[in-house]
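A.B. asks: The sequence isn't on hand, but the structure is:
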């Protein structure tokens, strides 16, 4: 049986009753994090750009899906395109390996369920379907596709979105397989915007959601789609990963090795690979106690140091550059403390820029992923070294930790506390909840425009 058919059987069979309790709990926590971080992104400029684009392409629709934080309505594909950049606005969404699946799946499903009024007992199974399918491919092939220049979020997120949409639409196993095959043909996305410090990556998540919806809708309408879209000689795996596809090994992980347990959360508004360097730099900052730093050497895993934009030292004019840069994030943290959106968009801090220039990044196979070693040489000749050892378990927060995190993020941009109570109610109670809780939470936000956030956009 082809891989698409095997995956489709798993996706179509997911129900709320069939989810293990710990998988259901994690899915609810992912929902809380996704909506909560998005609330705290309302002052970022990417959603306004995407909203106007969506309205230009799909138009306003009185009975459509809501543009969150704006209030206007459009067709579901337009809402997916427009709302995902809101979830991605702080780069503080969840991450499954190198893929930010929550920023694709949650806004896509929110738009689809609002517009189509599907039964809410499908919501969590659809969300889990997306995490499982996207995570399956990310785990297997991101080590090959990321160094080749493909970004994991749109590459695997398009397939994840198609799986989630197929389950939301209650497609048959045959039609779900067609949706997955279509998505394999529509997936893509490159990493160059990180090297150049530009914003295309903010919109890739919306395009992935849109393409996933298109893939599922084409399948629902009867598309004839490649059965061996993944393992074929010109299929997804060979094209992107330049590897063979072990159909049985991949399919055998479904329902056994749950990818949603690999989903982790970000305490700081920086790249996932910079979370541990920032954590380590905060510890080192306390040790140094304001002593003058002569130079810094940072040892990290080559997979992380080789990711686009990670070794950049500017000059920066966008947060798309600073949040990726290991030298910037460490220099900022050592000198100014915990990164905030304000400090991450202060591009002319000369002291930070001077220290950044004296930071050497060392790719080191002896350092595991999500770990780092920071060595500082002080002006008095002494050296201070700090090793920060982390794993996914350290960022795999529970409900209470995520609730504290999103409220802390919201406090930076004056999000009303009641908005967090509304999204928490939905995430905790769905399917015995109303999507109106989510829509009303975002309606409480002040309206943001591009002019409201010029420093995030440009120096």
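C.D. replies: In hand now; what should we look at? Since this is a predicted model, take the numbers as computed values, not measurements.

A.B. asks: can you list the weak-confidence ranges in the stretch 301-450 of the chain?
C.D. replies: Confidence mapping of the stretch 301-450 of the chain against pLDDT under 70 gives the ranges 447-450.

A.B. asks: For it, which segments count as strands?
C.D. replies: With strands called from DSSP state E, counting those that start in this stretch, the stretch 301-450 of the chain shows them at 359-363, 371-378, 383-389.

A.B. asks: Most tightly packed of these?
C.D. replies: strand 371-378 (a mean of 20; mean count of other C-beta atoms under 10 Å). Bear in mind the C-beta positions are built from the backbone N, C-alpha and C, glycine included.

A.B. asks: Output the contacting helices and strands for that strand.
C.D. replies: helix 275-288, strand 293-300, strand 383-389 (3 or more C-beta pairs under 8 Å, 6 or more residues apart in numbering; DSSP states H and E).

A.B. asks: Outside of it itself, list whatever touches it.
C.D. replies: Outside of strand 371-378, the residues within contact range by C-beta atoms under 8 Å, 6 or more residues apart in numbering are 276-277, 280-281, 284, 288, 291-301, 330, 334, 364, 367, 383-390.

A.B. asks: Among the residues you listed, the buried ones, what's the PyMOL command?
C.D. replies: Applying 16 or more other C-beta atoms under 10 Å to the contacts of strand 371-378, the buried members can be selected in PyMOL as follows:
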select buried, resi 276+277+280+281+284+288+293+296+297+298+299+300+301+330+334+364+367+386+388+390
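
A.B. asks: Flag the shaky bits of the stretch 101-250 of the chain, pLDDT-wise.
C.D. replies: Judged against pLDDT under 70, the stretch 101-250 of the chain has no low-scoring part.

A.B. asks: out of the strands of the stretch 301-450 of the chain, which comes closest to residue 130?
C.D. replies: strand 371-378 (28.8 Å; C-beta to C-beta).

A.B. asks: In TSV: the strands of the stretch 301-450 of the chain, plus distance to residue 398.
C.D. replies: Converted to TSV, these look like this (distance: least, C-beta to C-beta, whole Å):
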stretch	distance to residue 398
strand 359-363	33
strand 371-378	22
strand 383-389	21
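
A.B. asks: Show the contacting residues for the nearest residue to residue 2 once chain neighbours are set aside.
C.D. replies: Excluding the flanking residues, the one nearest residue 2 by C-beta to C-beta, 6 or more residues apart in numbering is residue 227, at 4.5 Å. Residue 227 makes contact with 2, 4-5, 177, 181, according to C-beta under 8 Å, 6+ apart.

A.B. asks: Residue 227 and residue 7: what is the separation?
C.D. replies: According to C-beta to C-beta, to the nearest Å, residue 227 and residue 7 sit 12 Å apart.

A.B. asks: Identify the contacts common to those two.
C.D. replies: Common neighbours of residue 227 and residue 7 (C-beta under 8 Å, 6+ apart) are residue 177.

A.B. asks: ok so, going back, so which of the helices and strands packed on strand 371-378 gets nearest residue 239?
C.D. replies: Using C-beta to C-beta, the helices and strands packed on strand 371-378 put strand 293-300 closest to residue 239, at 29.8 Å.

A.B. asks: Can you name the residues in contact with the closest one?
C.D. replies: 273, 277, 326-327, 330-331, 334, 355, 358-364, 366-367, 371-379.

A.B. asks: Distance of the residue of the chain most remote from its centre relative to residue 331?
C.D. replies: Distance from the C-alpha centroid of the chain, by C-alpha atoms, centre = their mean, peaks at residue 380 (42.3 Å). Residue 380 is 20 Å from residue 331, where distance means C-beta to C-beta.

A.B. asks: for residue 244, same thing?
C.D. replies: On the measure of C-beta to C-beta, residue 244 and residue 331 end up 43 Å apart.

A.B. asks: centroid residue for the chain?
C.D. replies: residue 100 (2.4 Å).

A.B. asks: contacting residues for that one?
C.D. replies: Neighbouring residues of residue 100 by C-beta under 8 Å, 6+ apart: 88, 93-94, 153, 157, 205.

A.B. asks: So residue 171: helix, strand or coil?
C.D. replies: State at residue 171, reduced to three classes by DSSP: H, G, I helix; E, B strand; the rest coil: coil.

A.B. asks: count of neighbours near it?
C.D. replies: Each residue near residue 171 was counted by other C-beta atoms under 10 Å, and the total is 22.

A.B. asks: Would you confirm that it contacts residue 12?
C.D. replies: Yes - if you go by C-beta atoms under 8 Å, residue 171 and residue 12 touch, sitting 6.9 Å apart.

A.B. asks: hmm, back to that, residue 244 and residue 331: which has the busier surroundings?
C.D. replies: residue 331 (25 against 9).

A.B. asks: Could I get the contacting residues of the more buried one?
C.D. replies: Contacts of residue 331 by C-beta under 8 Å, 6+ apart are 296, 352-353, 355-356, 359.

A.B. asks: ditto for residue 96
C.D. replies: Residue 96 neighbours (C-beta under 8 Å, 6+ apart): 131, 134-135, 138, 259-260, 262-264.

A.B. asks: now, among those, which is nearest to residue 309?
C.D. replies: Relative to residue 309, the closest of the contacts of residue 96 is residue 138; by C-beta to C-beta it sits at 19.2 Å.

A.B. asks: Next, count neighbours for the closest one.
C.D. replies: Residue 138 has 27 nearby residues by other C-beta under 10 Å.

A.B. asks: And residue 411, by the same measure?
C.D. replies: 11.

A.B. asks: For residue 343, see how far away it is.
C.D. replies: 15 Å.

A.B. asks: ok, now residue 282?
C.D. replies: 13 Å.

A.B. asks: ok, now residue 337?
C.D. replies: Distance, residue 337 to residue 343, by C-beta to C-beta: 8 Å.

A.B. asks: So for the two, which sits in the more crowded spot?
C.D. replies: Higher neighbour count among residue 337 and residue 343: residue 343, with 17 against 13, using other C-beta under 10 Å.
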